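Q: Model the structure of this input:
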Amino acid sequence: MSKIKIPIANPIIGDEEIEEVVKVLKSGFIAQGPKVAEFEEKFAKFVDTKYAVATSSGTTALHTALLSCGIGEGDEVITTAFSFAATGNSILYTGAKPVFVDIDPETFNIDPDKIEKAITDKTKAIMPVQLYGQAANMDKVSKIAKKHDLFVIEDAAQGHGAIYKGRKVGSLGDMACFSFYPTKNMTTSEGGIITTDNEELAEKAKMIRAHGESKRYEHAVLGYNFRMTDIAAAIGLAQLKKIEEFNEKRIANANYLTKELKSVDGIATPKQLNDTKHVYHQYTIKVKGENRDEWVKLLNENGIGTGIHYPIPIYKQELYIDLGYEDNLKNTEKAAATVISLPVHPSLTEKDLQTIVKVLKEISENFSS
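A: Numbers count the residues shown, from 1 in each chain. The predicted model follows:
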């Protein structure tokens with residue numbers, strides 16, 4: 001196999017990030033401190049919420065948000081199985097049960113028309129995943145949640161800067177959770193953040209992420225060590241100044257790929273909903289037939305990195321099978337078998353994009369013949 005020349009992801013760390021980290025290291029205050037507070041304030045402003053609570057990862061953000069909403073033993077949370085395992089696992093951490101519903105086959109996001117049938121007297125929340133950088137149909141999700149008095153917790157791990165009908169992802173539910181893992185649209189190396197307009201939920205989240213402390217050495221609730229460091233926040237502050245530029249480059253790259261690939265036989269390009277801004281954390285196509293692995297192999301042999309997001313629905317992971325899950329969701333299963341994520345990151349050159357298109361057209365012609 002040829003060496004990958006066009007990687008699927010490429011975190012961009014510049015002199016600004018390095019300088020900010022050095023300042024923190026020289027300050028001697030490297031744990032959670034003033035930089036975290038500044039990052040929270042500026043990220044809340046970016047998302048247009050009143051509050052933000054930084055955490056050590058996107059997963060701990062989800063766990064903290066669920067606990068802040070009182071989710072626990074015996075409760076159920078409705079979500080999608082077409083996501084990274086953290087979506088379901090964070091629900092399990094609380095003692096609650098993830099209840100999976102199928103996805104919209106075109107957007108890959110949770111199908112809101114399937115949600116109400118899954119609601120029981122144990123349901124306490126809906127957790128839509130804003131997958132690949134595009135919001136789910138939040139009007140319908142919110143309407144259902146309001147009708148049944150349920151929390152809405154956005155898994156916005158991939159949605160930095162995405163917009164739904166004029167509102168930023170992260171401001172569309174009771175709480176929202178972002179990840180700053182290195183492959184995301186912006187990074188803090190590792191890290192996460194919760195956004196909300198609810199002061200009570202924000203205060204609960206702050207306690208839970210710091211050993212349940214209401215005041216120094218006074219522990220009001222059971223909490224965890226889920227704090228972000230000032231080192232991570234310093235990187236985040238520098239990245240936050242660049243996120244809009246990063247996103248616009250991703251969108252331009254995605255538009256180029258769609259323009260060139262939309263008529264290529266065997267490929268279905270991503271669908272963007274009206275009234276949304278898709279920020280393309282991933283540019284994910286579907287390929288026809290049962291030869292997805294051949295497409296991947298040929299792309300990789302031609303030096304193009306790929307990702308499969310996600311090859312195994314959460315309910316088919318060994319952990320969930322052992323827990324008794326026997327789901328078989330048609331659209332989820334088909335997506336898991338046919339999706340391929342292509343490079344779309346801001347580091348791509350015009351030549352890189354041309355190469356990706358050229359190779360895909362050649363693969364398509366080979367399969368067609």
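Q: Let me see the contact set for the residue lying closest to residue 333 once chain neighbours are set aside.
A: With C-beta to C-beta, 6 or more residues apart in numbering as the criterion, residue 333 has its nearest non-adjacent residue at 6.7 Å, and that residue is residue 313. Yep, even glycine has a C-beta here, placed from its N, CA and C like the rest. By C-beta atoms under 8 Å, 6 or more residues apart in numbering, residue 313 lies in contact with 81, 82, 100, 327, 329, 332, 333, 336.
Q: Likewise for residue 24?
A: 30, 35, 230, 231, 234.
Q: same check, this time on residue 61
A: 53, 55, 177, 178, 179, 192, 193, 194, 226.
Q: Same check on residue 272?
A: Residue 272 neighbours (C-beta under 8 Å, 6+ apart): 134, 278.
Q: how is the protein carved up into domains?
A: Split into domains by automatic domain parsing, the chain comes to 15-101+108-240, 243-368.
Q: SS state for residue 178?
A: strand (DSSP: H, G, I helix; E, B strand; the rest coil).
Q: how close does it sit to residue 247?
A: Separation of residue 178 from residue 247 (C-beta to C-beta, to the nearest Å) stands at 14 Å.
Q: So which of these two has more stuff around it?
A: Between residue 178 and residue 247, residue 178 has the larger neighbour count (other C-beta atoms under 10 Å), namely 31 against 22.
Q: so where's this structure shaky on pLDDT?
A: Within the chain, the stretches with pLDDT under 70 are 1-2.
Q: show me the contacts for the residue nearest to residue 68 when sequence neighbours are not counted.
A: Of all residues not flanking residue 68 in the chain, residue 204 sits nearest, at 4.1 Å (C-beta to C-beta, 6+ apart). Listed by C-beta under 8 Å, 6+ apart, the contact set of residue 204 reads 67, 68, 221.
Q: any idea which helix or strand carries residue 204?
A: For residue 204, the host element (DSSP states H and E) is helix 199-208.
Q: Which residues does the following helix or strand past that helix contact?
A: As assigned by DSSP H and E, the chain's next helix or strand after helix 199-208 is strand 213-215. Contact with strand 213-215 is made by 207, 219, 220, 223, as judged by C-beta under 8 Å, 6+ apart.
Q: buried sites along strand 213-215?
A: Judged by neighbour count (16 or more other C-beta atoms under 10 Å), strand 213-215 contains these buried residues: residue 213.
Q: on that earlier part again, compare the contacts of strand 213-215 and tell me which has the most neighbours.
A: Among the contacts of strand 213-215, residue 207 has the most neighbours (other C-beta under 10 Å), with 22 neighbours.
Q: Would you confirm that that one contacts residue 226?
A: No - Residue 207 is not in contact with residue 226 according to C-beta atoms under 8 Å; the separation is 10.7 Å.
Q: Report the contact partners of residue 19.
A: So residue 19 contacts residue 238 (C-beta under 8 Å, 6+ apart).
Q: Likewise for the one 4 residues further on?
A: Residue 23 makes contact with residue 234, according to C-beta under 8 Å, 6+ apart.
Q: can we see that at 10 Å?
A: The contact partners of residue 23, taken as C-beta atoms under 10 Å, 6 or more residues apart in numbering, are 35, 230, 234.
Q: now the helices: where do they sit in the stretch 1-150 of the chain?
A: 15-27, 34-47, 58-68, 86-93, 138-148 (DSSP state H, counting those that start in this stretch).
Q: Can you say which of those helices is nearest to residue 155?
A: helix 86-93 (5.4 Å; C-beta to C-beta).
Q: out of the contacts of residue 24, which one sits closest to residue 86?
A: residue 231 (22.6 Å).
Q: Tell me how far the closest one lies from residue 4.
A: With C-beta to C-beta as the criterion, residue 231 and residue 4 are 30 Å apart.
Q: Looking at these two, which is more packed in?
A: residue 231 (20 against 16).
Q: element containing that one, please.
A: Counting by DSSP H and E, residue 231 is part of helix 230-240.
Q: helices or strands up against the helix or strand just after that helix?
A: Once the chain leaves helix 230-240, the next helix or strand it forms, by DSSP H and E, is helix 243-261. For helix 243-261, the contact count by 3 or more C-beta pairs under 10 Å, 6 or more residues apart in numbering; DSSP states H and E identifies helix 34-47, strand 283-287, strand 339-342, helix 350-368 as packing neighbours.
Q: Rebuild these as a markdown table, extending it with mean neighbour count and distance to residue 261.
A: Shown next, in a markdown table, are the helices and strands packed on helix 243-261 (neighbours: other C-beta atoms under 10 Å; distance: least, C-beta to C-beta, whole Å):
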| stretch | mean neighbour count | distance to residue 261 |
| --- | --- | --- |
| helix 34-47 | 19 | 31 |
| strand 283-287 | 22 | 7 |
| strand 339-342 | 23 | 9 |
| helix 350-368 | 16 | 6 |
